[in-house]
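[1] kindly generate the corresponding structure for this input.
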Amino acid sequence: MILTCKQLVRAVTDAREKRLSALDRFGYQAHLLRCRHCRRYVAQMDAVVEALHGVLSFFFNLTVLALTVNMISNLL
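    The predicted structure follows:
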């Protein structure tokens, strides 16, 4: 069964995390083949997720650096 736009929007996270059943995955992919609006929506969601990963990685690395500097300064 091909998903509606509303169903697809609800399924985006499950699709990204590979938690859709085979039937739902088929309906998801079939819908994306014929709906440019949902393809654009999924692409935008992918971009947001990638941007958040980048921000989180940056702050994680910054925190590790600060902790390392603090540990070194405590040793001196």
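[2] switch to C-alpha atoms for all contacts and neighbour counts from now on
    OK.
[3] residue 23 touches residue 2, doesn't it?
    No - Residue 23 sits out of contact with residue 2 when judged by C-alpha atoms under 8 Å, with a separation of 9.1 Å.
[4] what are the ranges of the helices in this protein?
    5-16, 22-34, 36-75 (DSSP state H).
[5] residue 73 and residue 66: what is the separation?
    Applying C-alpha to C-alpha, to the nearest Å, the value for residue 73 to residue 66 is 11 Å.
[6] so how far is residue 42 from the residue sitting nearest the centre point of the chain?
    Nearest to the geometric centre of the chain sits residue 49, at 3.7 Å (C-alpha atoms, centre = their mean). Going from residue 49 to residue 42 by C-alpha to C-alpha gives 10 Å.
[7] next, count neighbours for residue 53.
    12 (other C-alpha atoms under 10 Å).
[8] how about it, what does it touch?
    By C-alpha atoms under 8 Å, 6 or more residues apart in numbering, the contact list for residue 53 is empty.
[9] next: residue 42.
    Residues near residue 42 by C-alpha under 8 Å, 6+ apart: residue 12.
[10] which residues touch stretch 4-19?
    Contact with stretch 4-19 is made by 20, 25, 28, 31, 38, 42, as judged by C-alpha under 8 Å, 6+ apart.
[11] the fourth one and residue 3 touch, don't they?
    Read that as residue 31. Yes - Residue 31 lies in contact with residue 3 (C-alpha under 8 Å); the separation is 5.9 Å.
[12] coming back round to it: what pLDDT does the residue nearest to the centre of the chain get?
    pLDDT recorded at residue 49 is 91.
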